[in-house]
Structure formats: structure tokens, C-alpha cells
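1. Structure of the sequence below:
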Amino acid sequence: MTAQTSSRIFFRLAVPWSVVLFLVIYLIYLWQLDSQFGQLRLQQEHNVRFASSTLINIFHEPITDILLLTQSEGLKRWRTGQDNQLAEIAIAENFRNQIAIKERYDQIRFLDTRGMERIRVNRGSEGPKTTPHRELQDKSNRYYFYEARNLSPKEIYISPLDLNKEHGRVETPFKPTIRLTTPVLNGVNEPIGFLVINYLAEAMLKEFVAQYKDRLGNIALLNDEGFWLYHHDPSMSWGFMFDNDLSLAKNLPNAWFQINSAEYLQQITEHGMLTSLKTQPYLLNTTQGNRHVYENVTYSSGYPWTVISQIESTELESVKAGILNPLLLSGTPLFLTILGPVNTN
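-> Numbers count the residues shown, from 1 in each chain. Prediction:
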């Protein structure tokens, strides 16, 4: 048999067997990839639902407290245009007691009907501190005061989650804050102003992130406009507080459109696997499943929040490589085994 004939026979036999081998490897790869990605999808869905669970019912305590505070003796004794020194002492003491036992309350304030702070107690390094009269501020231009003016007694306005401002500037270090505001009536049912609780959200965000520790991917929390309230890169968070375009809505408009249009969504883009879930810190009065729905609560912008878990495209490529490389390594000896008899023939 000539060398030319041997080569022809070799290729005639080797090529089909090689195609069969690589086809088998490819089918196994697709099967394992589908299985692996299926597990990833389930894990990511579990992750966003579990992280979201830390945000549900966070307002139960402050809502209960602010409604109880409106019934305090000092506020019932308050009379507009009269000497309220004794009432003021009682109110401030009540505020201090609340802040002393509630670690997530940064400020409790009483604003008059014009939006001027009349009593404010702040959390300080040495405990609750009553603000001197000369340092009280006019809050009539703040959005939460505008919203609260339209409320009826026992109704509560919950502000968006943002960064606290003092004297018109963002406070540093950053202090993520949610404000609860409700109207106040005195003992003769006269409107005398509003109570405001500044709820510190830093601990809530830390708990949210802690639920995702040691899991594949990155977790994020966004407001209703696609701005990050939490991002693993701190420089990406709070873009709306500084009038910049650092948001998912700007960075990935198509992905954000899909995310914002669905309660739950999982999609693979050029930026990886994105799993999103809308979450509302549901709130009072009736219980629906494991969520408290508060009929006397008003929201404006900022809600619902969206929890997003992202496995970046580089991580997905690593998953693919982790499946394909072992298959190729195991297939190479088999390929050489097939070639041996063919070459001998």
C-alpha cells in the first residue's frame, strides 16, 4: 500500500471519528452548561428574594412609635401662640427617651404648621441631645414638609431613601436616611404641626449586604429611577444626590427598561446575568401573608426599590471554561486512542 493510499484511508476514517468525538463532547458541554446555568438561575433568584426579605416591614417600628408620640402629654398640652415651656420640656424628654432606646433613630423633631423646627433631639456621641433654639432650622422648603401638609391625622408620609442634609448640604460622612412625617393635633384637636423621625438606613443597608456575603455575583439596591442606593463600588451610589448620571438607567438603558417593567426578571446581557426583583417595604392595619400593609401610609417617589444580583460576563465565561476545559482534556486521550488504530490500518 502506497503512502498516498494510507494517508487517504487515514483521513477517511479519522475525520468522521473525530467529528463524532467532538460532537459528543459538544453535546455533553451543552448539557452540563444548561445544568450549571440552571443552578445559577435558581441560586440568583433565591439570592434576590432572600436579600429582599431583609427590607420587608422595616417601617413597622417607626410607624408605631411616631403614632404613639403624637399622643404624648406634652404635644397635647401645646397651644399655638402661647407659652409652651413646660410642654416643650416634656416633649424633648420624650424624644430623648425614644432615641436612647432606638438605635436607628437619628433625629426626632416637632415642626410647627409653617415648617419651622420647634423642638429637635439629635443622636450624639454622648447620647441624645436637645438642639438649642438658636440652631433650629426652617424646613418649610423640604419636600417631606410639603408632602405632610396634605395628610390627615394618623396618616404618615414616608420619604425616599436619600442622604441627610443639614443647612442645605449633604452631611458627611454620608448618612442614608428615611423620614417619617405625620400631622399632630393638640388636646383640643387643633393642628399644631408635624412630627418627623429620621430613620437611619445604614444598618438596614449593611444587613441587606450581609445576606449576600460569600455568594457568587454582586448585589445592588436601586430606587424607582434606576439610581443605586447601594453598589459594591461606593462611588456609584447616590448619583441623584449630586445631579450626576451614575445610574443603571443611564448606563444600561435597555436592561433597565426591562427590569423596570417587571416584578421579577432574569436576563443575560453582554454585562452578564442580571436577576432583579422589585420590593416594597410593605406596611399597617391588615396582614397579607407575611407582609403588613399600612393603609394610612403615603409614599411619593423613590419606591418601589429594586434588588439586583449581577454575575458579570467574565464570571460567566469562567463558568463556561470550567465546564469545557475538563471535557477537552478528557477528550484528547480518547482522540489519540482513536487515531492509533486508524493510523495502523
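2. Just say helix, strand or coil for the residue nearest to residue 73 when sequence neighbours are not counted.
-> Distances taken as C-beta to C-beta, 6 or more residues apart in numbering place residue 90 nearest to residue 73, at 5.8 Å, with adjacent residues excluded. All C-beta atoms are positioned from the backbone trio N, CA, C, and that covers glycine. When classified by DSSP: H, G, I helix; E, B strand; the rest coil, residue 90 comes out as helix.
3. got it, and residue 61?
-> With three-state DSSP as the basis, residue 61 sits in helix.
4. burial of it, as a residue count?
-> For residue 61, the count of nearby residues is 13 (other C-beta atoms under 10 Å).
5. how much space between the closest residue to it other than its chain neighbours and residue 147?
-> Excluding the flanking residues, the one nearest residue 61 by C-beta to C-beta, 6+ apart is residue 102, at 7.4 Å. Using C-beta to C-beta, to the nearest Å, we find residue 102 at a distance of 23 Å from residue 147.
6. Ignoring the adjacent residues along the chain, who's closest to residue 97?
-> Residue nearest to residue 97 in three dimensions, not counting chain neighbours: residue 128, with 8.0 Å by C-beta to C-beta, 6+ apart.
7. contacting residues for that neighbour?
-> Going by C-beta atoms under 8 Å, 6 or more residues apart in numbering, residue 128 touches 95, 96, 97, 99, 100, 121, 122.
8. Give the helix, strand or coil label for residue 96.
-> Applying three-state DSSP: residue 96 is helix.
9. wait, what's in contact with it?
-> Residue 96 makes contact with 121, 127, 128, 130, according to C-beta under 8 Å, 6+ apart.
10. if we go to 7 Å?
-> Listed by C-beta atoms under 7 Å, 6 or more residues apart in numbering, the contact set of residue 96 reads 121, 128, 130.
11. in what helix or strand does the second one lie?
-> Right, the one you point to is residue 128. Per DSSP states H and E, residue 128 falls inside strand 127-130.
12. Name the residues of that strand that are buried.
-> Neighbour-count burial for strand 127-130 flags 128, 130 (criterion: 16 or more other C-beta atoms under 10 Å).
13. Can you give the strand pairings for it, parallel or anti for each?
-> Paired neighbours of strand 127-130 in the sheet (DSSP bridges): strand 117-124 (antiparallel).
14. Buried residues, the strand it pairs with. List them.
-> By 16+ other C-beta under 10 Å, the buried positions in strand 117-124 come out as 117, 118, 119, 120, 121, 122, 123.
15. Likewise for stretch 222-235?
-> If you call a residue buried by 16+ other C-beta under 10 Å, then stretch 222-235 has these buried ones: 222, 223, 224, 225, 226, 227, 228, 229, 230, 231.
16. From residue 104, how far out is the last one?
-> The reference is to residue 231. For residue 231, the distance to residue 104 - C-beta to C-beta - is 22 Å.
17. Identify the residues contacting residue 88.
-> residue 119.
18. Let's see the pLDDT reported for it.
-> On pLDDT, residue 88 comes in at 95.
19. okay, the buried residues of stretch 222-235 in JSON lines with distance to residue 317 and secondary structure next?
-> Putting the buried residues of stretch 222-235 into JSON lines (distance: C-beta to C-beta, whole Å; DSSP: H, G, I helix; E, B strand; the rest coil) gives the following:
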{"residue": "222", "distance to residue 317": "26", "secondary structure": "strand"}
{"residue": "223", "distance to residue 317": "31", "secondary structure": "coil"}
{"residue": "224", "distance to residue 317": "33", "secondary structure": "coil"}
{"residue": "225", "distance to residue 317": "31", "secondary structure": "coil"}
{"residue": "226", "distance to residue 317": "26", "secondary structure": "coil"}
{"residue": "227", "distance to residue 317": "29", "secondary structure": "strand"}
{"residue": "228", "distance to residue 317": "25", "secondary structure": "strand"}
{"residue": "229", "distance to residue 317": "29", "secondary structure": "strand"}
{"residue": "230", "distance to residue 317": "26", "secondary structure": "strand"}
{"residue": "231", "distance to residue 317": "22", "secondary structure": "coil"}
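20. okay, which residue is most central for this structure?
-> residue 221 (2.7 Å; C-alpha atoms, centre = their mean).
21. can you pull up the bridge partners for the residue nearest to residue 97?
-> Counting by DSSP bridges, residue 128 is bridged to residue 123.
22. Next up, the contacts around the residue lying closest to residue 79 once chain neighbours are set aside.
-> Residue nearest to residue 79 in three dimensions, not counting chain neighbours: residue 186, with 6.5 Å by C-beta to C-beta, 6+ apart. By C-beta under 7 Å, 6+ apart, the residues touching residue 186 are 75, 76, 78, 79, 192.
23. Equivalent analysis for residue 247, please.
-> By C-beta under 7 Å, 6+ apart, the contact set of residue 247 is 225, 226, 227, 228, 239.
24. The residues you listed: which two are farthest apart?
-> The most widely separated members of these, counting by C-beta to C-beta, are 225 and 228 (10.5 Å).
25. going on from the strand holding residue 128, what's the next piece of helix or strand?
-> Using DSSP H and E, the helix or strand that follows strand 127-130 towards the C-terminus is helix 143-148.
26. So what touches that next one?
-> The set of residues external to helix 143-148 that reach it, using C-beta under 7 Å, 6+ apart, is 111, 115, 139, 157, 159, 179, 181, 183, 194, 196, 298, 300.
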